[in-house]
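**Student:** compute the structure for the input listed below.
(2 chains)
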2 protein chains.
Amino acid sequence: MSFEFWKGHGTENDFVLLPDPDGDVHGDLDADLVRRLCDRRAGVGADGVLRVIRTSALHDGHDRTLGGSAEWFMDHRNADGSLTQMCGNGIRVFARYLRYAGLVDAAGSIRIGTRAGEKTVTFDDDTITVDMGSPAVVGETKISVGAGSWTALNVDMGNPHAVAFVESLDDAGELDEPPSFDRGDYPEGVNVEFVERVDDRHLAMRVFERGAGETRSCGTGASAVTVAFALADGVSRPCTYRVDVPGGRLRVSWREDGRVELAGPAVLVAAGTWLG
Amino acid sequence: MSFEFWKGHGTENDFVLLPDPDGDVHGDLDADLVRRLCDRRAGVGADGVLRVIRTSALHDGHDRTLGGSAEWFMDHRNADGSLTQMCGNGIRVFARYLRYAGLVDAAGSIRIGTRAGEKTVTFDDDTITVDMGSPAVVGETKISVGAGSWTALNVDMGNPHAVAFVESLDDAGELDEPPSFDRGDYPEGVNVEFVERVDDRHLAMRVFERGAGETRSCGTGASAVTVAFALADGVSRPCTYRVDVPGGRLRVSWREDGRVELAGPAVLVAAGTWLG
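**Tutor:** All right, here's what the predicted structure looks like:
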């Protein structure tokens, strides 16, 4: 079985892209193939797969409705083969591919369908920006790692986050094990961000993603972190924070209308043929 | 900078292959490019790079001499960009590429140049076998991990190994930290194998490679392990052991003439163009 793939990353959150405009290359996209592609030793290796498919070509009525009027739909799967709703770094890499392949206009904004609905993505030289929607600030919670314990802010960005304010990113230790959290606040688990202030409107974070462990970057995490600090700092909207993640640098703006914009690099590193 | 690459693995020891027959694509092959290619998030991702170059095209007089009369030379680099001598899984993947690309005859044996001299590789359906040369059995040594301590055999396969006999592979624990060893026996460090007997002539091993940590497979390690067990078992040569590694299954024969043969699968999973 031989087919085309691409590989790219946004702040080192990396993806295998599968061009399948009319849905006739990969059918329902088998979870086992996703796992094989994402295997970092026996496959290409990635955090997930982004199938590039026209919304009109989706088999599933549910997905097609969610894709809305967007021509292109980001069919995102985790490395374990499971379906996902949305990925802030993934959609920026997806947009980079659409533009590189000449599937969308080279400038301005486009809309991309996802399982979390239509998203707006804007190109500006090397930077790709995505509208992440509005956060829901749920309230305070507690996070602990080993003997350390922190007050954290419970922020929902479509997925649940706990933003823990730390003196130093080292305070969270090795992060080999998941942080402890309040099951009452997060019945389905949580993504935990540990955030250190670097300077005014400049943060650095580490993130432990549920089901994945510590990762190099997390787009919804950087968004949640910015919301938490803007509230703590008492700054008025619109406001913009620089957020350093282990894999690079993101810029997050909280707009006057309450929506969050995530901006940063998205790079294609290879195009190839799968022979596996 | 755009160029062709392939990706393949032998028992999940994985490599980026760079076709460069006449040495005019990659010149001296910059260590920084090797590191970027091998980066598992921002690059293609691999344990190392195998440049496919004609022995006659090597710039370096030293390498050219070592390549001997072999038409093709395996220019192997570690993921950190450093030069290496020889790699038992790498050379089997290298041979798979030569055959797939039609650069060598489809059957029988070929010779491949390496920095450790000419090596003989044999094709037999899906299995590729490499003559790893003769071991030097140095003597007993001691290895410890945390509170555990084991007698080990010091075997040199061109690189230094300590083969520790364990009741269970779990005895070695997490292997997050390098095992402790006798600096007198191994002034330049050591690759440590922990080996459990599964059955008669059937072993299972884990390996901690110096500079790399625990890996999915190690060809010289499987060879050293077989030598150590054949000696402990008091079996006469020729003898063959099956050696299970985390990434798959190898077969190692210790020939009557004292040379060791490593056999196993070698797979190409992708061919592509680097855009990075």
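
**Student:** what does chain A put close to chain B?
**Tutor:** Residues of chain A that fall close to chain B, judged by CB under 8 Å from any CB of the partner chain: A:5, A:7, A:9, A:12-14, A:40-45, A:216, A:247, A:267-276. In short, each C-beta sits where N, CA and C put it, glycine included.

**Student:** tell me the secondary structure at A:Asn154.
**Tutor:** Following DSSP: H, G, I helix; E, B strand; the rest coil, A:Asn154 is assigned to strand.

**Student:** quick check: it touching A:Glu140?
**Tutor:** Yes - between A:Asn154 and A:Glu140 there is a contact at 7.0 Å, judged by CB atoms under 8 Å.

**Student:** relative to chain B, which residue of chain A is the closest?
**Tutor:** Residue nearest to chain B within chain A: A:Gly272 (2.4 Å; CB to the nearest CB).

**Student:** where exactly do the helices run in the stretch 1-150 of chain A?
**Tutor:** A:31-38, A:61-67, A:88-100 (DSSP state H, counting those that start in this stretch).

**Student:** report the beta-bridge partners for A:Ala263.
**Tutor:** A:Thr129, A:Arg251 (DSSP bridges).

**Student:** repeat for the one 4 residues further on
**Tutor:** Partner residues in beta bridges with A:Val267, using DSSP bridges, are A:His9.

**Student:** ditto for A:Glu4
**Tutor:** Bridge pairing for A:Glu4 - DSSP bridges - gives A:Thr273.

**Student:** who has more neighbours, A:Asn154 and A:Glu140?
**Tutor:** Neighbour comparison, A:Asn154 and A:Glu140: the larger count goes to A:Asn154, with 23 against 11 (by other CB atoms under 10 Å in any protein chain shown).

**Student:** first-to-last residue distance for stretch A:142-152?
**Tutor:** Distance between the two ends of stretch A:142-152: 5 Å, counting by CA to CA, to the nearest Å.

**Student:** can I get the helices of the stretch 1-150 of chain A in a markdown table including mean neighbour count?
**Tutor:** What follows is the helices of the stretch 1-150 of chain A, written out as a markdown table (neighbours: other CB atoms under 10 Å in any protein chain shown):
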| stretch | mean neighbour count |
| --- | --- |
| helix A:31-38 | 19 |
| helix A:61-67 | 15 |
| helix A:88-100 | 25 |
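
**Student:** residues contacting stretch A:173-181, please?
**Tutor:** A:141-146, A:148, A:162, A:164, A:172, A:189-190, A:192, A:206, A:208, A:210, A:213-214 (CB atoms under 8 Å, 6 or more residues apart in numbering or on different chains).

**Student:** now with 6 Å, please.
**Tutor:** Residues from elsewhere that reach stretch A:173-181 (CB atoms under 6 Å, 6 or more residues apart in numbering or on different chains): A:Ile143, A:Ser144, A:Val145, A:Gly146, A:Val190, A:Val192, A:Phe208, A:Glu214.

**Student:** who touches the residue of chain A closest to chain B in this structure?
**Tutor:** A:Phe5, B:Ala270, B:Ala271, B:Gly272 are the contacts of A:Gly272 under CB under 6 Å, 6+ apart.

**Student:** that older thread, any of the contacts of stretch A:173-181 buried? List them.
**Tutor:** Taking 16 or more other CB atoms under 10 Å in any protein chain shown as the criterion, what is buried in the contacts of stretch A:173-181 is A:Ile143, A:Val145, A:Val190, A:Val192, A:Phe208, A:Glu214.

**Student:** helix/strand/coil for the last one?
**Tutor:** Counting by three-state DSSP, the backbone at A:Glu214 sits in strand.

**Student:** excluding residues flanking it in the chain, which one is nearest it?
**Tutor:** A:Leu175 (4.5 Å; CB to CB, 6 or more residues apart in numbering or on different chains).

**Student:** so is the one you found in a helix, a strand, or just coil?
**Tutor:** Secondary structure for A:Leu175, judged by three-state DSSP, is coil.

**Student:** need the pLDDT of it.
**Tutor:** Here the pLDDT value assigned to A:Leu175 is 94.

**Student:** which parts of the stretch 51-200 of chain A are strands?
**Tutor:** Taking DSSP state E, counting those that start in this stretch to define them, one finds strands in the stretch 51-200 of chain A at A:72-78, A:108-114, A:117-124, A:127-133, A:136-145, A:148-156, A:160-165, A:180-181, A:191-199.

**Student:** let me have the contacts of A:Gly272 in a markdown table, adding distance to A:Gly221 and pLDDT as columns.
**Tutor:** Output for those, formatted as a markdown table (distance: CB to CB, whole Å; pLDDT from 0 to 100):
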| residue | distance to A:Gly221 | pLDDT |
| --- | --- | --- |
| A:Phe5 | 27 | 98 |
| B:Ala270 | 30 | 98 |
| B:Ala271 | 35 | 98 |
| B:Gly272 | 30 | 98 |
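
**Student:** just the buried residues of these.
**Tutor:** Applying 16+ other CB under 10 Å to the contacts of A:Gly272 flags A:Phe5, B:Ala270, B:Ala271, B:Gly272 as buried.

**Student:** quick one: secondary structure of the third one?
**Tutor:** On the three-state scheme (three-state DSSP), B:Ala271 is labelled strand.

**Student:** distance of it relative to B:Asp233?
**Tutor:** 43 Å (CB to CB, to the nearest Å).
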